[in-house]
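Participant: Here you go, sequence then predicted model.
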Amino acid sequence: MKKMIKLISKIAIIIMALFWMQNASAQALQFVKPGDELHLAPTNDTLWVMNNSRMVQVIETGKLYKLEKEKSELLMQKCDTLRQIVTEKDSLVDIYKVDRKYYEEQLKDCRNDAITVGKEAKKFQRRARWATVGIGVAAGVGFVLGAVLFK
C-alpha cells in the first residue's frame, strides 16, 4: 500500500512538472549563451530563466513521466485483466456451489436408495434361505415318503 502511495505521489509530481514544462515550452525556446544579452518586454506571460543543468533535469523529468505513464497504462491493463479473471473465477465458484448442492442431494438420495435396496436384499436373502431349507426338507420328506409308500 505504501509503495502504491509513493508511486502515485511520484506520478503526481511528474505530471505537475510536465504541465509546468508544457506551459514553459508553449513559447519558443531561445538560447542565451554566456556573455549574450537578451532584452524582453513584459507581456501577458511569465518569463522563466533556467540554466543548462535545470533544462536537462526538466527533459529527464519529461522522459521519466513518459515512462511512468506507459507503466501506469500497462498496470491499468493488468488490473483490468485481473478484474476480469476474478469475475470469471467468482462465477465459476458460484456455479460450483450450485453443482455441489445438486451432487450432495444426489449422493444423499443414492445412499438412501442403497440402504433401502440393502434391506430388501437381506429380506430376499432370508426368504431364499428359507426356500432352500424348505425345498431340502420337502425333498427329503418326499423321498422318505415315496420309499415307504412304493416299497
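Facilitator: Here it is on my side, so go on. Residues are numbered from 1 along each chain as shown.

Participant: contacting residues around the spatially most central residue of the chain?
Facilitator: With distances taken as C-alpha atoms, centre = their mean, V86 lies nearest the centre of the chain, 2.9 Å away. The contact partners of V86, by C-beta atoms under 8 Å, 6 or more residues apart in numbering, come to none. To be clear about C-beta, it is placed using only N, CA and C from the backbone, and glycine gets the same treatment.

Participant: helix or strand for it, which one?
Facilitator: Element membership of V86 [criterion: DSSP states H and E] is helix 52-149.

Participant: ok, and for stretch 50-65, which residues are buried?
Facilitator: 58, 61-62, 64-65 (16 or more other C-beta atoms under 10 Å).

Participant: and it, what's its mean pLDDT?
Facilitator: Stretch 50-65 carries an average pLDDT of 87.

Participant: how far does the helix holding V86 sit from the chain's center?
Facilitator: The chain centre lies 21 Å from the centre of helix 52-149; the measure is C-alpha atoms, centre = their mean, to the nearest Å.

Participant: how far away is E70 from K6?
Facilitator: The gap separating E70 from K6 is 18 Å, by C-beta to C-beta, to the nearest Å.

Participant: Revised request: answer the last question for D99.
Facilitator: Distance of D99 to K6, given as C-beta to C-beta: 45 Å.

Participant: again with N112
Facilitator: 62 Å.

Participant: cool, and R100?
Facilitator: The gap separating R100 from K6 is 44 Å, by C-beta to C-beta.

Participant: what do you get for A139?
Facilitator: Using C-beta to C-beta, A139 is found at 98 Å from K6.

Participant: quick one: low-confidence ranges for this structure?
Facilitator: Scanning the chain for pLDDT under 70 picks out 1, 19-30, 42, 45, 47.

Participant: Centre of it to the edge, which residue is at the far end?
Facilitator: The chain, C-alpha atoms, centre = their mean, max distance from centroid: K151 (92.3 Å).

Participant: Provide a list of residues in contact with it.
Facilitator: Residues near K151 by C-beta under 8 Å, 6+ apart: none.

Participant: I115 now?
Facilitator: I115 neighbours (C-beta under 8 Å, 6+ apart): none.

Participant: From L107, how far off is it?
Facilitator: 13 Å.

Participant: R127 now?
Facilitator: Distance of R127 to L107, computed by C-beta to C-beta: 30 Å.
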